[in-house]
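Asks: heads up, no residue letters with this:
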(Lines give C-alpha, C1' and ligand atoms only; values in the text may rest on other atoms or scores of the structure.)
Protein backbone atom coordinates (compact mmCIF):
# COMPACT_ATOMS: atom_id res chain seq x y z
CA UNK A 1 0.00 0.00 0.00
CA UNK A 2 1.32 3.43 -0.96
CA UNK A 3 1.17 6.23 1.63
CA UNK A 4 0.77 9.77 0.33
CA UNK A 5 2.81 12.40 2.08
CA UNK A 6 2.05 16.09 2.03
CA UNK A 7 5.06 18.35 2.54
CA UNK A 8 4.62 21.01 5.27
CA UNK A 9 8.13 22.33 5.65
CA UNK A 10 11.66 21.09 5.25
CA UNK A 11 11.40 18.97 8.39
CA UNK A 12 7.86 17.65 8.75
CA UNK A 13 5.35 15.69 6.70
CA UNK A 14 1.82 14.47 7.34
CA UNK A 15 0.77 10.94 6.46
CA UNK A 16 -2.70 10.97 8.04
CA UNK A 17 -5.06 12.85 5.69
CA UNK A 18 -7.99 12.53 8.13
CA UNK A 19 -6.47 15.16 10.45
CA UNK A 20 -6.60 18.73 9.10
CA UNK A 21 -3.31 20.61 9.22
CA UNK A 22 -2.96 24.39 9.20
CA UNK A 23 0.39 26.18 9.30
CA UNK A 24 2.16 22.97 10.26
CA UNK A 25 -0.09 22.28 13.30
CA UNK A 26 -2.59 19.43 13.51
CA UNK A 27 -6.01 20.86 14.31
CA UNK A 28 -6.98 17.96 16.57
CA UNK A 29 -4.34 19.03 19.12
CA UNK A 30 -5.47 21.47 21.83
CA UNK A 31 -3.62 24.73 22.30
CA UNK A 32 -3.61 27.09 25.26
CA UNK A 33 -4.95 30.56 24.50
CA UNK A 34 -5.14 33.41 26.99
CA UNK A 35 -7.54 36.23 26.18
CA UNK A 36 -5.71 38.33 28.74
CA UNK A 37 -2.63 38.16 26.53
CA UNK A 38 -4.50 38.65 23.24
CA UNK A 39 -6.55 41.72 24.23
CA UNK A 40 -4.57 44.86 25.09
CA UNK A 41 -5.05 46.19 28.63
CA UNK A 42 -6.07 49.68 27.51
CA UNK A 43 -8.74 48.67 24.98
CA UNK A 44 -12.17 50.32 25.07
CA UNK A 45 -13.92 47.03 25.81
CA UNK A 46 -11.86 46.39 28.95
CA UNK A 47 -12.86 49.82 30.29
CA UNK A 48 -16.49 49.11 29.40
CA UNK A 49 -16.36 45.76 31.20
CA UNK A 50 -15.27 47.52 34.41
CA UNK A 51 -17.91 50.27 34.22
CA UNK A 52 -20.94 48.38 32.87
CA UNK A 53 -22.69 45.81 35.08
CA UNK A 54 -24.76 43.51 32.86
CA UNK A 55 -26.06 41.27 35.67
CA UNK A 56 -29.57 42.60 35.04
CA UNK A 57 -29.66 40.89 31.62
CA UNK A 58 -29.91 37.43 33.20
CA UNK A 59 -32.78 38.60 35.40
CA UNK A 60 -34.66 40.04 32.41
CA UNK A 61 -34.23 36.90 30.33
CA UNK A 62 -34.55 34.18 32.98
CA UNK A 63 -38.11 33.12 32.00
CA UNK A 64 -37.18 32.98 28.32
CA UNK A 65 -34.61 30.21 28.82
CA UNK A 66 -35.66 26.60 29.38
CA UNK A 67 -34.34 24.67 32.36
CA UNK A 68 -33.85 21.53 30.24
CA UNK A 69 -32.52 20.82 26.79
CA UNK A 70 -29.50 21.98 24.93
CA UNK A 71 -27.65 24.79 26.71
CA UNK A 72 -27.98 28.16 25.05
CA UNK A 73 -25.50 31.00 24.81
CA UNK A 74 -25.31 33.01 28.01
CA UNK A 75 -27.59 36.06 27.64
CA UNK A 76 -24.85 38.36 29.00
CA UNK A 77 -22.40 37.08 26.38
CA UNK A 78 -25.02 37.57 23.67
CA UNK A 79 -25.69 41.12 24.88
CA UNK A 80 -21.96 41.89 24.88
CA UNK A 81 -21.68 40.64 21.31
CA UNK A 82 -24.56 42.93 20.34
CA UNK A 83 -22.73 45.86 21.94
CA UNK A 84 -19.59 45.05 19.96
CA UNK A 85 -21.67 44.97 16.78
CA UNK A 86 -23.10 48.39 17.64
CA UNK A 87 -19.79 50.05 18.53
CA UNK A 88 -17.93 48.56 15.55
CA UNK A 89 -20.69 49.26 13.02
CA UNK A 90 -21.09 45.59 12.17
CA UNK A 91 -24.48 44.84 10.65
CA UNK A 92 -24.65 41.03 10.87
CA UNK A 93 -23.65 38.34 13.33
CA UNK A 94 -21.91 36.47 10.53
CA UNK A 95 -19.63 39.46 9.88
CA UNK A 96 -18.98 39.74 13.62
CA UNK A 97 -17.77 36.14 13.77
CA UNK A 98 -15.57 36.62 10.68
CA UNK A 99 -13.92 39.59 12.32
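Replies: It's in. Predicted model, so just to flag it, every value in this text is computed and none were measured. Residues are numbered from 1 along each chain as shown.
Asks: how does this structure divide up, domain by domain?
Replies: If you go by automatic domain parsing, the domain ranges for the chain are 1-31, 38-98.
Asks: Against which helices or strands is the longest helix seen in the chain packed?
Replies: Secondary structure of the chain per DSSP state H: the longest helix is helix 75-88. Packing partners of helix 75-88 (3 or more C-beta pairs under 8 Å, 6 or more residues apart in numbering; DSSP states H and E): helix 44-51, helix 55-61, helix 93-98. Any C-beta I mention is one placed from the backbone N, CA and C, and that applies to glycine too.
Asks: packing partners for the second one?
Replies: It refers to helix 55-61. helix 75-88.
Asks: mind listing what's buried in the helix it packs on?
Replies: Under the neighbour-count criterion of 16 or more other C-beta atoms under 10 Å, helix 75-88 has 75, 79, 80, 85 buried.
Asks: quick one: low-confidence parts of this structure?
Replies: The chain contains residues with pLDDT under 70 at 1-26.
Asks: and with 50 instead?
Replies: In the predicted model, the chain carries pLDDT under 50 at residues 1-5, 7-8.
Asks: before we move on, back to that, which of the domains of the chain sits most buried?
Replies: Neighbour counts (mean count of other C-beta atoms under 10 Å) averaged over each of these peak at domain 38-98, with a mean of 11.
Asks: What residues does residue 67 make contact with?
Replies: Residues counted as contacts of residue 67 (C-beta atoms under 8 Å, 6 or more residues apart in numbering): none.
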